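# how would this look folded up:
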Amino acid sequence: MFHHRLISTSNVSSSINAGLDMAIAAEGTHTSYITGLTSAINNNQITASRINDAVRRILLFKKVFGILGNPNPPEPGANTIITSQDRQFNRETAAKTLVLLKNKTGTDGKTVIENLGGMNNIYIAGAPGNSLNRICGGWTIDWQGAENDTNLTGTTIQAGIQAKMLGKTVTGSEAWNTSYANAADAVIVVLWEGENYADDAGDYLNNVTLRADDISLLNNAYNTGKPVIAVMISGRPIFITTAQLDLMDAFIAAWLPGSEGGGAIADVLFDADKDFFGKTPFTWRTAYNSTVTFGYGTGLKKGQAGTYEGGTP
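This next block holds a predicted model:
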């Protein structure tokens, strides 16, 4: 995607020569992109062989997917858009993307995450806890994501955990609920960025710190004296200070796990035969260009105790 402020002959040629085969230019910017591309070709900044290479791959892709000779295939029926097998595959894939970044020692020689399965009452606090659109993010139903769950189907985090705790108690609320927290054995705080977004809305250093509402939830949860498991729903690493990390007994980067993400999170947290698989593909810091908390490639297993760099497990 080329933002209108970023289109120039230099930027166009750099991206194509770096290997970009197809560009999406937003409405109103495509003419500027075509002008920049034509200029780059005429000035030999992009060679004809590079254009041929890109076109060959685009046409090959269309051929493989059966749309080269039929660019407007019939719309699939509602029952073929997503099947139960697709949902299961999505659930398993989402589970593999989860990254356990912090996990303190719990009781009975187990970690905090390992102890969850034996608990009888779990309280889930936070806006994405019982929401599908917030765990899906942008490019869901609409460009900047769905505003609500009206046209979405899937498994929320709360529904996924309830399915694992049949006969036990699972409560949830967006705002803090003291009575739910007091009755619970552990508190799961679901953090997020505060809005769904796509494209350049997520390219800037805006709103990449924890929201005030989420910090308040963490403080309230910490003050209960019960295990606090924080699940971060985000499209990028969020700056989190060591003081904020100290409010958590466990910290999971769940990214944007999609419509089946709630089931995936529940599977890894509660199933004895499931474990964390992911490693963070980014370095996490306390602030821009500041202290590293979790280095590239960090990721724990359920049975491993660990915390941020320089912290005490």
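
# what are the structural domain limits within this protein?
4-64, 84-294 (automatic domain parsing).

# any idea which of these is most buried?
Mean neighbours per residue, mean count of other CB atoms under 10 Å, is largest over those for domain 84-294, with a mean of 19. Where you see a C-beta, it was placed from the backbone N, CA and C, and this is true even at glycine.

# first-to-last residue distance for that domain?
With CA to CA, to the nearest Å as the measure, domain 84-294 spans 36 Å from end to end.

# where's it relative to the chain centroid, distance-wise?
9 Å (CA atoms, centre = their mean, to the nearest Å).

# over to stretch 56-63?
30 Å.

# hmm, who's touching that stretch?
21-22, 68, 71 (CB atoms under 8 Å, 6 or more residues apart in numbering).

# and for stretch 216-224?
Residues contacting stretch 216-224 (CB under 8 Å, 6+ apart): 125-126, 176, 178, 181-182, 184, 187, 189, 191, 210, 228, 230, 244, 247-248.

# from those residues, which ones fall inside helices?
Mapping those onto helices (DSSP state H) picks out 178, 181-182, 244.

# closest to D200 out of those residues?
If you rank the ones in helices among the contacts of stretch 216-224 by distance to D200 using CB to CB, Q244 comes first, at 27.4 Å.

# ok, now which ones touch the nearest residue to that closest one once chain neighbours are set aside?
If the residues on either side of it in the chain are set aside, Q244 comes closest to L210, at 6.0 Å by CB to CB, 6 or more residues apart in numbering. Applying CB under 8 Å, 6+ apart to L210 gives the contacts 191, 218, 238-240, 244.

# so what's the residue nearest to A266 when sequence neighbours are not counted up against?
Distances taken as CB to CB, 6+ apart place G160 nearest to A266, at 3.3 Å, with adjacent residues excluded. Shown in contact with G160 (CB under 8 Å, 6+ apart): 262-267.

# what do you get for G263?
Applying CB under 8 Å, 6+ apart, the residues contacting G263 are 91, 155, 159-160, 163.

# confirm it sits in a helix?
Yes: under DSSP: H, G, I helix; E, B strand; the rest coil, G263 falls within a helix.

# distance check, it against I124.
In this view, G263 and I124 are 14 Å apart by CB to CB, to the nearest Å.

# ok, now A163?
A163 sits 13 Å away from I124, going by CB to CB.

# and of the ones in helices among the contacts of stretch 216-224, the nearest to G138?
The closest of these, once distances to G138 are taken by CB to CB, is Q244, at 25.3 Å.

# perfect, that will be all.
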